[in-house]
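Student: The following comprises the amino acid sequence and a computationally predicted model.
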Amino acid sequence: DTEVTQTPKHLVMGMTNKKSLKCEQHMGHRAMYWYKQKAKKPPELMFVYSYEKLSINESVPSRFSPECPNSSLLNLHLHALQPEDSALYLCASSQALRQGAETSEQYFGPGTRLTVT
Amino acid sequence: GIQVEQSPPDLILQEGANSTLRCNFSDSVNNLQWFHQNPWGQLINLFYIPSGTKQNGRLSATTVATERYSLLYISSSQTTDSGVYFCAGFTGGGNKLTFGTGTQLKVEL
């Protein structure tokens, strides 16, 4: 099973709302990722969790707050977003790496299409 | 800098035609993945191909790591092959994936 699931599929929120995106995998992966993809652009990395600890934050604004409550779940909490944050948000997972180890294939979920009004 | 470049940016094929997509990557990038993003946004894994050649049905890929390029071959194209094809490479000594700008493929009847 190489499935990563994401909920909701679509989300419309106002600039004063608080919402959360959810991601789940049952492949035993210990690395999970959030990417943001604007229309007609490639995905861009936002956050990396390795063994439930945040290992990479690509200078993402604090209105995006990631959380990894356990090895299967990854959340992205959203607060006070701007219209320019409207995008497709993709979650991915992979085998985690030890320092100096080779890379590991990433598997992506179907994404949450977010519109901020 | 970190670079993953793809060509061509756009491609229109008649059903049944063959095509080759190219990905060039810089010295700091390795261990490529190829993805197909369907019209609904799902990124589908095609190949994880650090080097050599792999085949999966009508698709095959070749990476020549020493020359910093990878090729994706699509044979006997079908309308369901339409979408965006991304190559992505790993950077920074870890699992940080950097995507190319993609090839938008449209297969027509």
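Tutor: That came in fine, so what should we check first?
Student: Smallest gap between chain A and chain B, at which residue?
Tutor: A:P42 (3.6 Å; C-beta to the nearest C-beta). For the C-beta atoms, the positions are set from N, CA and C on the backbone; glycine is no exception.
Student: Please report phi then psi for B:A65.
Tutor: phi -60, psi -40 (degrees, to the nearest 10).
Student: Residues of chain A that sit close to chain B?
Tutor: Selection of chain A residues close to chain B by C-beta under 8 Å from any C-beta of the partner chain yields A:2, A:31, A:33, A:37, A:41-45, A:48, A:50, A:55-56, A:88, A:90, A:92, A:94, A:96-97, A:100, A:102-108, A:110-111, A:113.
Student: Select only the buried ones of the residues you listed in ChimeraX?
Tutor: The ChimeraX selection below is limited to those of these classed as buried (16 or more other C-beta atoms under 10 Å in any protein chain shown):
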select /A:31,33,37,42,43,44,45,48,50,56,88,90,92,94,96,97,103,104,105,106,107,108,110,111,113
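Student: Check which helix or strand B:F35 maps to.
Tutor: Following DSSP states H and E, one finds B:F35 within strand B:30-37.
Student: which residues are contacting that strand?
Tutor: A:102-103, A:105-106, A:108, B:23, B:25, B:43-50, B:61, B:63, B:65, B:70, B:72, B:81, B:83-91, B:97, B:102 (C-beta atoms under 8 Å, 6 or more residues apart in numbering or on different chains).
Student: and those, which are buried?
Tutor: For the contacts of strand B:30-37, buried by 16+ other C-beta under 10 Å: A:103, A:105-106, A:108, B:23, B:25, B:43, B:46-49, B:61, B:63, B:65, B:70, B:72, B:81, B:83-91, B:97, B:102.
Student: So the residue of chain A closest to chain B belongs to a strand, correct?
Tutor: No. Secondary structure of A:P42 (DSSP: H, G, I helix; E, B strand; the rest coil): coil, not part of a strand.
Student: Skipping its backbone neighbours, what lies nearest it in space?
Tutor: B:F99 (3.6 Å; C-beta to C-beta, 6 or more residues apart in numbering or on different chains).
Student: which residues does the one you found contact?
Tutor: A:P42, A:P43, A:E44, B:V4, B:F86, B:C87, B:A88.
Student: Let me know the pLDDT of it.
Tutor: pLDDT, B:F99: 96.
Student: who's residue 25 bridged to?
Tutor: The chain I'm using is chain A. A:V4 (DSSP bridges).
Student: please go with chain B instead
Tutor: Residues in beta-bridge contact with B:F25 (DSSP bridges): B:V4.
Student: Repeat that for B:A88.
Tutor: B:Q33, B:F99.
Student: Roughly how far does it sit from A:L54?
Tutor: Counting by C-beta to C-beta, to the nearest Å, the separation of B:A88 from A:L54 is 22 Å.
Student: by contact count, what packs against the host helix or strand of B:L11?
Tutor: Assigned by DSSP H and E, B:L11 falls within strand B:10-14. For strand B:10-14, the elements it packs on are strand B:19-25, strand B:103-108, judged by 3 or more C-beta pairs under 8 Å, 6 or more residues apart in numbering or on different chains; DSSP states H and E.
Student: could you redo the last one with a cut-off of 6 Å?
Tutor: Contacts defined by 3 or more C-beta pairs under 6 Å, 6 or more residues apart in numbering or on different chains; DSSP states H and E place strand B:10-14 against strand B:103-108.
Student: Whether the strand it packs on contacts chain A - can you check?
Tutor: No. Strand B:103-108 lies out of reach of chain A by C-beta under 6 Å from any C-beta of the partner chain, never closer than 8.3 Å.
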